[in-house]
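J.: Sharing a model that was predicted from the sequence below.
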Amino acid sequence: MIFDPRIITDHLGEIGSGFLVTLATWTTGVVLGLVLGLAIAVAQLFGNGFIRAPLRVFIEIIRSTPFLVQLFLVYYCGPSIGLSLDAVPAGIIGLGIYGSVYFAEVFRGGFESVPRGQLEAADCLGVTRWQAIMRIQMPQMLVMILPALVNLVTVLCKETAVLSIITIPELTMVLTGIGSETFAFVETLLVLCIGYLLLVEACSRLGMLLESRAGRYLQRHAG
Amino acid sequence: MFDGPLFLQNFPLLLSALLTTVEVSAAALFLGFFIGVLVASLRLSPTPALKRLGGAYIFVFRGIPLLVQLLFIYYFLPRIGLPNVSPMAAAVIGLALCCGAYIAEILRGGFMAIPHGQLEAAGLLGLSNAQMLVRIRVPQAVRLTLPGLINEMILLIKASSLVSVVGLADLTRTAQNMAASDYMFVQDYLMLAAFYCLINMPLAWCGGHLERRLKEQGA
């Protein structure tokens, strides 16, 4: 079991493109999840019963089923209802849907953590509902939920490995592919592990940086 | 869209595969719990080297996707002279190693919530460190973190959908095989999703119920 660096250097191009696919599906999946999650949270908090009940069912179903099963549903069952998707868009949509319910839960907690009195005060001062959400609730809640958001983003980073099962050529698929071509599983799997550790670590470092920035911002504007 | 006879034919197959999924998850949770207690104790140990060891375990097993860890086990066990490990054992080991790291982080919170005076009192009464762990720290930490542990159980059952990479025919793989032979993707995969909901929804309900009760007791 000697590490042979040639296996990696010979396939640098493929590995690089796999890394880019991982990055691309991850970031677009996160953006989609954030947007959907915010929409779900707002609909849950401000919508009526006709919106809330089906949303509740949707959230429970997504939270109870594995990401892989959701991917199968999007990718293999899409064509039966006239929605034929390539692997990459199907993967991004799957990632977005999976992430959205967890993001929604975080956003909902954030909205509820801002004291009601502040909104009532804003109402008394003639601030509109929209202004109150954008200028009072949003900034405070974003700072508060930042750690939870960063945590979810790293979870989604790790979930992108599952996309290899529906044949998206991301990092895991590329490196295991090289492994089965060359039988150099030690090298490829080690690189794969280090790659993910670096990605996850970079993401959480970035999150900590953002958190300290946000903390300072709040201190400056408090009182 | 819906094929009744096929449903009746597939239902018992999925039901027995559900048993495999539950078995592998339960075994992994059991093993993972011991790993979790060990790693959490390491992280809270006063010795810097042990503390770092616990931290490193958590960093590695939480930072690498479970799928990659399972691939590692699948390709590596034969290499280190263990070619005949059954898929079931490989799946349980893979899941337990990973969920041990998460359980360690959950239990750490519980361990830290136990007042230090209790441990001092136990020390004065002559309990050894191991006795303190088994009789004082673990029971209380489990009680305090039960909602988190149930949540981990749900995550584990969902994560077990990946064990087909080590060759175990769990719920997901069985449904995949069905869909590949009868081409009824929508029906088979919806059944699959329903089966997961069947186990996870009651668990989630129990977890929520316990969490509310713990909150009421705390208040």
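T.: Nice, I can see it.
J.: In contact with residue B:61, which residues?
T.: Neighbouring residues of residue B:61 by CB atoms under 8 Å, 6 or more residues apart in numbering or on different chains: B:69, B:97-98, B:100-101. For the C-beta atoms, the positions are set from N, CA and C on the backbone; glycine is no exception.
J.: distance between the lengthiest helix in chain B and the chain's centre?
T.: With secondary structure taken from DSSP state H, chain B has its longest helix at helix B:4-43. Averaging C-alpha positions (CA atoms, centre = their mean, to the nearest Å) puts helix B:4-43 8 Å from its chain's average.
J.: could you give me the average pLDDT of the helix or strand that that helix is followed by?
T.: Per DSSP states H and E, the first helix or strand lying C-terminal to helix B:4-43 is helix B:48-63. For helix B:48-63, mean pLDDT rounds to 95.
J.: now helix B:48-63, how far from the chain's geometric center?
T.: 18 Å.
J.: tell me which residues in it are buried?
T.: Across helix B:48-63, burial judged by 16 or more other CB atoms under 10 Å in any protein chain shown covers B:54, B:57-58, B:61-63.
J.: what's the answer for stretch B:199-215, then?
T.: Neighbour-count burial for stretch B:199-215, counted by 16+ other CB under 10 Å, picks out B:199-200, B:204, B:207, B:210.
J.: That one: how far from the chain's middle?
T.: On CA atoms, centre = their mean, the centre of stretch B:199-215 falls 17 Å from the chain's centre.
J.: Any stretches of chain B with poor pLDDT?
T.: Within chain B, the stretches with pLDDT under 70 are B:1, B:218-219.
J.: ok, the residue nearest the centre of chain A - contacts?
T.: The residue lying closest to the centre of chain A (CA atoms, centre = their mean) is residue A:30, at 3.5 Å. Each residue near residue A:30 by CB under 8 Å, 6+ apart is listed here: A:95, A:99, A:153, A:156.
J.: what two of those are the furthest from one another?
T.: Distances among the contacts of residue A:30 were taken as CB to CB; the most separated pair is A:95 and A:153, at 11.3 Å.
J.: which bits of chain B sit near chain A?
T.: Contact residues, chain B versus chain A (CB under 8 Å from any CB of the partner chain): B:1, B:59-60, B:63-68, B:71-72, B:75-76, B:79, B:154, B:158-162, B:172, B:175-176, B:179, B:185-186, B:189-190, B:192-193, B:196-197, B:200-201, B:204.
J.: of those residues, buried ones?
T.: Looks like the residues of chain B next to chain A have B:63-68, B:71-72, B:75, B:154, B:158-162, B:172, B:175-176, B:179, B:185-186, B:189-190, B:192-193, B:196-197, B:200, B:204 buried, using 16+ other CB under 10 Å.
J.: follow-up on the earlier one: would you indicate which residues of the longest helix of chain B are buried?
T.: Within helix B:4-43, the residues that qualify as buried are B:10, B:14, B:17-18, B:20-21, B:23-25, B:27-29, B:31-33, B:35-37, B:39-43, counting by 16+ other CB under 10 Å.
J.: do stretch A:193-200 as well
T.: Neighbour counts over stretch A:193-200 (16+ other CB under 10 Å) mark A:193, A:195-196, A:199-200 as buried.
J.: got the contact list for the residue of chain B positioned farthest from its centre?
T.: Relative to the centre of chain B, the most outlying C-alpha is that of residue B:124, 36.2 Å out, by CA atoms, centre = their mean. Counting by CB under 8 Å, 6+ apart, residue B:124 makes contact with nothing.
J.: Quick check: the gap between it and chain A.
T.: Remark: distance between residue B:124 and chain A (CB to the nearest CB, to the nearest Å) = 39 Å.
J.: Quick check: which of the buried residues of stretch A:193-200 are also close to chain B?
T.: Of the residues in the buried residues of stretch A:193-200, proximity to chain B by CB under 8 Å from any CB holds for A:193, A:196, A:200.
J.: which residues touch residue B:169?
T.: Residues counted as contacts of residue B:169 (CB under 8 Å, 6+ apart) are B:17, B:20, B:177.
J.: tell me which element it is part of?
T.: If you go by DSSP H and E, residue B:169 is not part of any helix or strand.
J.: Report the separation between it and residue B:86.
T.: Shown here: residue B:169 relative to residue B:86, a distance of 12 Å by CB to CB, to the nearest Å.
J.: which one of the contacts of residue B:61 sits closest to chain A?
T.: Ranked by distance to chain A (CB to the nearest CB), the contacts of residue B:61 are led by residue B:69 at 8.3 Å.
J.: Work out for me the element the closest one sits within.
T.: Element membership for residue B:69, per DSSP H and E: helix B:66-79.
J.: Check which element follows that helix along the chain.
T.: Sequence-wise, the next helix or strand downstream of helix B:66-79 (DSSP H and E) is helix B:87-113.
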